[in-house]
Every structure is written in structure tokens, then in C-alpha cells.
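Asks: got a predicted model here, sequence first, then my questions.
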Amino acid sequence: MNHRRRSRRDGFTLVEVLVALAVVAVALAAGLRAAGALTDNTERLTAVTAAQWCAENALTNLRLAAQLPGVGDADFSCEQIGRSYAGTLATRPTPNPNFRRVDASVRDEAGQPLLTITTVIGRY
């Protein structure tokens with residue numbers, strides 16, 4: 001009789017094992033979701049950083065031209081880290097005729113907007 005009691009205490013019941021497996025499954029699922037979110041965030045950060053390089057390069061080209069840009073929109077393209085990006089330079093007048101406001105907007109390959117950088121470029 002004593003032997004039966006001892007064997008019951010030595011092991012786990014099926015219910016206890018199933019509860020432990022359920023807890024582990026929930027923890028693993030949460031870990032996978034967190035890892036997926038980190039991967040998505042890293043991908044987004046990479047795309048936005050490359051888009052920022054493209055926009056800054058386009059604005060630097062305008063500054064290096066050493067002339068006041070004309071009012072209007074101009075498209076540009078850029079390749080960074082093996083990806084192609086499309087962008088638009090929107091040049092608008094300001095109250096001071098010696099300055100222009102320029103918005104450099106960059107889109108990804110799917111056409112989704114990633115970033116807009118605004119600057120002011122002067123005549124001199």
C-alpha cells in the first residue's frame with residue numbers, strides 16, 4: 001500500500017504535463033511575435049535611413065548647383081544598399097524672393113512614402 005502512494009508522488013499527471021506544455025507554447029508564440037516585430041522594425045529603419053541618404057543627396061545636388069532652383073516639382077531616383085527609391089523635389093517660393101523652400105519626398109519601390117525632408121535654399 002505504501003508503494004502505491006509513493007509512485008503517485010514520484011511523477012507528474014497528464015494534466016500537469018499538458019498545462020506545462022500550454023504555458024511553454026504561449027511563451028514561444030509570444031517570443032516569435034516579438035522577434036517578428038523586431039525584424040519588421042529593422043527593415044523599416046533600414047529603408048528610412050536609405051531614403052534619408054537619397055533625399056539628402058538630392059538636396060546637396062541642388063545646393064552644389066550654386067543657383068536658385070526654379071519653382072515646381074522634379075522627380076529623382078536613387079539607389080542605396082541595393083534598393084531603388086523614387087523621389088520628388090517640390091520647390092516652392094517663400095515670402096523672401098532670395099529663398100526657396102524645397103521638400104524632398106522619397107518613396108519605396110512599392111510607391112509608399114518613406115520620408116520627407118524640408119530645407120530652404122538661398123540665392124547666394
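Replies: Nice, I can see it. Residues are numbered from 1 along each chain as shown.
Asks: and the longest helix along the chain, what's its mean pLDDT?
Replies: Once the chain is assigned using DSSP state H, the helix that runs over the most residues is helix 14-64. Across helix 14-64, pLDDT averages out at 91.
Asks: so what does the very next helix or strand once past that helix touch, helix or strand wise?
Replies: Counting by DSSP states H and E, the element after helix 14-64 in chain order, helix or strand, is strand 72-80. Packing partners of strand 72-80 (3 or more Cβ pairs under 8 Å, 6 or more residues apart in numbering; DSSP states H and E): helix 14-64, strand 83-93. Glycine gets a C-beta too; all of them are placed from N, C-alpha and C.
Asks: how near is the spatially most central residue of the chain to D108?
Replies: By Cα atoms, centre = their mean, the chain has its centre lying nearest to R44, at 1.9 Å. Going from R44 to D108 by Cβ to Cβ, to the nearest Å gives 10 Å.
Asks: by contact count, what packs against the longest helix of the chain?
Replies: Using 3+ Cβ pairs under 8 Å, 6+ apart: helix 14-64 touches strand 72-80, strand 83-93, strand 99-107, strand 113-122.
Asks: nearest to A50, of the ones you listed?
Replies: strand 72-80 (3.8 Å; Cβ to Cβ).
Asks: with just CA atoms, put that closest one into PDB.
Replies: Output of strand 72-80 as PDB, limited to C-alpha atoms (Å, rounded to 0.1, in the frame of the first residue of the first chain):
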ATOM      1  CA  GLY A  72       8.000  73.400 -59.400                       C
ATOM      2  CA  ASP A  73       8.300  69.700 -59.000                       C
ATOM      3  CA  ALA A  74      11.100  67.500 -60.200                       C
ATOM      4  CA  ASP A  75      11.400  63.700 -59.900                       C
ATOM      5  CA  PHE A  76      14.600  61.900 -59.000                       C
ATOM      6  CA  SER A  77      15.700  58.400 -58.400                       C
ATOM      7  CA  CYS A  78      18.300  56.900 -56.200                       C
ATOM      8  CA  GLU A  79      19.800  53.500 -55.400                       C
ATOM      9  CA  GLN A  80      21.100  52.800 -51.900                       C
END
